[in-house]
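> structural data only, the sequence is not supplied:
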C-alpha cells in the first residue's frame, strides 16, 4: 500500500475478472484487505496534521483499492461481513466522508475533527468551495487534494451500488441500506456533505478567461472530474425514498439501519429536505445563476466562431436532472428563476440537448427529463409570460430563420422534431403539443414561421390515416386547436400571421369537419396502420393542398355558396 500508484493504474492492474475470482474463491483474503484498508482510512481521519508522507500515501492507495474492490462485495454473500456487530459499512461511510473534510488531505484548513460529529453541524472553514452558507473565499486546494476528493467521491459512489445487485422486482422490498443511512439523521456528516457538494456545482465555471478562445482549456481537468462526481453523488442521494417505518425487514442490513434511525423523529430523506428548504434569495440567486452560466457555456461551445474554442460541459445530463429535481421539489427556486429571467437563458440549451438526444434510444430518459421540465414550467403563468422575451442570439442547431421570441423557438423546434420524427420520437408528440397548448394563452405575438408550423402540424395530424392509427391520436388535433383558439381569443392583434395561415389552410379544417369514420367491422377494413407505419410526408401534403386549390378555382362560385356541405367561413363549427 505504500507503493506510489494512480487511480487509473489500480483499475487497470486489477481487472474485474481477477476481482471476481478473489471475492468468490478467496473471500477471506478480500475481507482481510478491506479491513486493513479501512483501518488505514480511520487512522488517517483521526490523526489530523500528525501523519507523515508515508502514511498519507498509504491512505490514498487504500482509498483506491477500496474503490475498486467494494462494488464487487455488495452481494448477499458479504451482507454479514458489512452489517455485523462491528458495522463495517457504517464505519467505511463515516471514514470516507470524514476524509473529505480532513485538513491536509482534502482541504487547507485548521479545525478539530470532532466538530463534524454532530448532525446538522456545518463548519464553514471545511466547505469545499464558497457559495451556499458562505461567500468567503475558500483557500484553493492543491492538485493532490483535488485528486483525493475525486477518489473519495468515487469510493462513495461505489458504496452506493448495492441496488445494481438486486432484481427489478426486488427493489421495493430491498432498499439500498448504504444510501438509506447516508440520507438519514443518523449520518453525522450529512449537512457538511450536502453544502460542500452543492457549492462545487454553484462555483464551477468552465467559461473562457476574458472570453479568449481556447483559454477554457487552461482549467485543470481535476475540477471537471470533482464537479461531475459531486453531481453523481447528489443525484443518488436525492432519488432515494425512505421505506415506511412500520415495514418489517429480515435482512441484517435493513434491521441494523432501521434500528439506528428509530431514535429519530423524522424518517425522511434529509438530503432532499435540505434541497427543498433552500428559500433564501441569496442562495436561490447563486443556484439559478449557476444554471444559466453553465447552460449558456454549453450552447456557446457549439456555436463558437473558432472550432472547439470553448470547452464543452462534461456533465450536461446531470445538470438537466438537477434542474428538474429543483423545479419539481422547490417552488421557491422556480418562482425566483422565472422572476430573475435566468430560466429564459436555459431554454435554448435545453432544446439543444433535446435536439441532440431525441433520436437516440439510449438517451430517452434524458429526453423525458427535459420534457418534464418544460411541462412543469408550462403550467406556470409567469413562465408563459417570460417566453415573450425576444431571441437575440445565434442558435447552434438547425432551425428555420425567424425573428421572434422564445415561444417561437419552442414551436419551431418541436415542429421540426415532429416533421423529422420516427418511432423513437412518436411517444413525445403529445407532450410537446400539450406544452404548446399550455403556453398559448400567454404568447402575445407569433412569427410567420411559427404560424406556418402550427398549421402544417394540423395538416399532418388531421389526416384520416393518422387519426385512426391509435385511439389517443385525436388529442394532437385537440391540442393544436386549443393553441389556435387561445391565440385568437386572447391575442388577436398579435395573431395576424396565424389568421393568414388559417385562411390559406381552410380546406384542411373543412375536410376535418366533414370527415366520417366508418365502423371497421361493417366496412370490411382489415386493420388501421400503426403509428410506426405512418410516414409524415410534407411534400405530399403540399401537393394535395395545391391540387385542391386548383380545383376550387375552377368551380362556379355560386354553386359553392349554395352547396349545403360547404358552410360559410363565418360559421363556427362545433368540434
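Thanks, I have the structure now. Since we're looking at a predicted model, the values are computed, not measured. Residues are numbered from 1 along each chain as shown.
> where do the helices sit along the stretch 201-350 of the chain?
Ranges of helices within the stretch 201-350 of the chain are 221-238, 252-261, 270-276, 281-303, 316-329, 331-340, 344-357, based on DSSP state H, counting those that start in this stretch.
> name the helices or strands packed onto the shortest one?
Contact analysis of helix 270-276 by 3 or more Cβ pairs under 8 Å, 6 or more residues apart in numbering; DSSP states H and E lists helix 190-203, helix 221-238, helix 316-329 as its packing neighbours. C-beta coordinates here come from the backbone N, C-alpha and C atoms, glycine included.
> how far off centre is it?
17 Å (Cα atoms, centre = their mean, to the nearest Å).
> and it, which residues are buried?
Neighbour counts using 16 or more other Cβ atoms under 10 Å place 270-272, 274-276 of helix 270-276 among the buried residues.
> residue 241: which of those residues is nearest?
Using Cβ to Cβ, residue 272 is the member of the buried residues of helix 270-276 that lies nearest residue 241, at 8.9 Å.
> distance of the closest one relative to residue 463?
As for residue 272, its distance to residue 463 is 46 Å (criterion: Cβ to Cβ, to the nearest Å).
> residue 288 against residue 342, yeah?
Yes. With contact defined as Cβ atoms under 8 Å, residue 288 counts as touching residue 342 (4.1 Å).
> more neighbours, these two?
For the pair residue 288 and residue 342, the greater number of neighbours falls to residue 288 (24 against 21), based on other Cβ atoms under 10 Å.
> residue contacts, the more buried one?
If you count contacts by Cβ atoms under 8 Å, 6 or more residues apart in numbering, residue 288 has them with 333, 336-337, 340, 342-343.
> does residue 403 count as helix, strand or coil?
Under DSSP: H, G, I helix; E, B strand; the rest coil, the three-state class of residue 403 is coil.
> look up the closest residue to it, ignoring the ones flanking it.
residue 447 (6.3 Å; Cβ to Cβ, 6 or more residues apart in numbering).
> repeat for residue 62
Residue 62 sits nearest to residue 37 (Cβ to Cβ, 6+ apart), 3.8 Å away.
> got it, and residue 190?
Nearest non-adjacent residue to residue 190, counting by Cβ to Cβ, 6+ apart: residue 270, 5.3 Å away.
> how much space between that neighbour and residue 193?
The gap separating residue 270 from residue 193 is 10 Å, by Cβ to Cβ.
> ok, now residue 231?
13 Å.
> likewise for residue 264?
Separation of residue 264 from residue 193 (Cβ to Cβ): 17 Å.
> looking at the two, which one has more neighbours?
More crowded of residue 264 and residue 193, by other Cβ under 10 Å: residue 193, with 24 against 13.
> can you tell me the element the spatially closest residue to the more buried one that is not a sequence neighbour falls in?
Spatial nearest neighbour of residue 193, excluding adjacent residues (Cβ to Cβ, 6+ apart): residue 97 at 5.6 Å. Per DSSP states H and E: residue 97 is located in helix 88-100.
> centre of the chain to that helix, how far?
Taking mean C-alpha positions (Cα atoms, centre = their mean), helix 88-100 and its chain are 29 Å apart.
> got a list of what the residue nearest to the spatial centre of the chain touches?
Centrality entry for the chain: nearest residue to the mean C-alpha point is residue 321, 1.9 Å, by Cα atoms, centre = their mean. Contacts for residue 321 (Cβ under 8 Å, 6+ apart) come out as 235, 366, 369.
> for those residues, give me TSV that also has neighbour count and distance to residue 223.
Shown next, in TSV, are the contacts of residue 321 (neighbours: other Cβ atoms under 10 Å; distance: Cβ to Cβ, whole Å):
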residue	neighbour count	distance to residue 223
235	14	19
366	20	24
369	20	25
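> pipe those into TSV and attach pLDDT and distance to residue 428 per row.
Output for the contacts of residue 321, formatted as TSV (pLDDT from 0 to 100; distance: Cβ to Cβ, whole Å):
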residue	pLDDT	distance to residue 428
235	92	23
366	91	12
369	93	12
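> name the SS class of residue 396, please.
coil.
> hmm, who's touching stretch 475-485?
By Cβ under 8 Å, 6+ apart, the residues outside stretch 475-485 that reach it are 429-430, 433-434, 436-437, 440, 454, 457-458, 461-462, 467, 498, 502, 512, 575.
> how much space separates the residue nearest to residue 199 when sequence neighbours are not counted from residue 324?
Closest residue to residue 199 apart from its sequence neighbours, by Cβ to Cβ, 6+ apart: residue 131 at 3.6 Å. Note on residue 131: its distance to residue 324, by Cβ to Cβ, is 21 Å.
> more crowded one of the two?
residue 131 (22 against 17).
> so what's the more buried one bridging to?
residue 134 (DSSP bridges).
> list the buried residues for the helix or strand residue 480 falls within?
Using DSSP H and E, residue 480 maps to helix 474-490. Judged by neighbour count using 16+ other Cβ under 10 Å, the buried positions of helix 474-490 are 475-484, 486-487.
> stretch 325-342: which residues count as buried?
325-327, 330, 332-334, 336-338, 340, 342.
> try stretch 218-230
219, 222-230.
> returning to that earlier point: rank the helices of the stretch 201-350 of the chain by mean pLDDT and give me the bottom one.
When those are compared by mean pLDDT, helix 252-261 comes last with a mean of 79.
> and that helix, how far from the chain's centre?
Using Cα atoms, centre = their mean, the offset of helix 252-261 from its chain centre is 32 Å.
> elements contacting that helix?
Contact here means 3+ Cβ pairs under 8 Å, 6+ apart; on that basis helix 252-261 packs against helix 79-82, helix 177-182.
> now residue 444: closest residue in space, sequence neighbours ignored.
Leaving aside its chain neighbours, residue 444 sits nearest to residue 494 (4.9 Å; criterion: Cβ to Cβ, 6+ apart).
> for that neighbour, what are its contacts?
Contacts for residue 494 (Cβ under 8 Å, 6+ apart) come out as 443-446, 487.
> make CSV from the helices of the stretch 201-350 of the chain and add distance to residue 377 to it.
Below are the helices of the stretch 201-350 of the chain laid out as CSV (distance: least, Cβ to Cβ, whole Å):
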stretch, distance to residue 377
helix 221-238, 19
helix 252-261, 36
helix 270-276, 18
helix 281-303, 13
helix 316-329, 7
helix 331-340, 7
helix 344-357, 9
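> among those helices, which is nearest residue 13?
When the helices of the stretch 201-350 of the chain are compared by Cβ to Cβ, helix 221-238 sits nearest residue 13, at 20.4 Å.
> now the angle from that closest one to helix 316-329?
Counting by axes from the mean of the first three to the mean of the last three Cα atoms, to 10 degrees, helix 221-238 points 40 degrees away from the direction of helix 316-329.
> so residue 55 is in contact with residue 45, correct?
No. Judged on Cβ under 8 Å, residue 55 makes no contact with residue 45 at a distance of 11.6 Å.
> and these two? which has more neighbours close in?
The neighbour count for residue 55 versus residue 45, taken as other Cβ under 10 Å, is higher for residue 45 (20 against 15).
> now name the helix or strand holding the nearest residue to residue 229 once chain neighbours are set aside.
Computed as Cβ to Cβ, 6+ apart, the closest residue to residue 229 that is not its neighbour in sequence is residue 153, at 3.9 Å. Assigned by DSSP H and E, residue 153 falls within helix 143-159.
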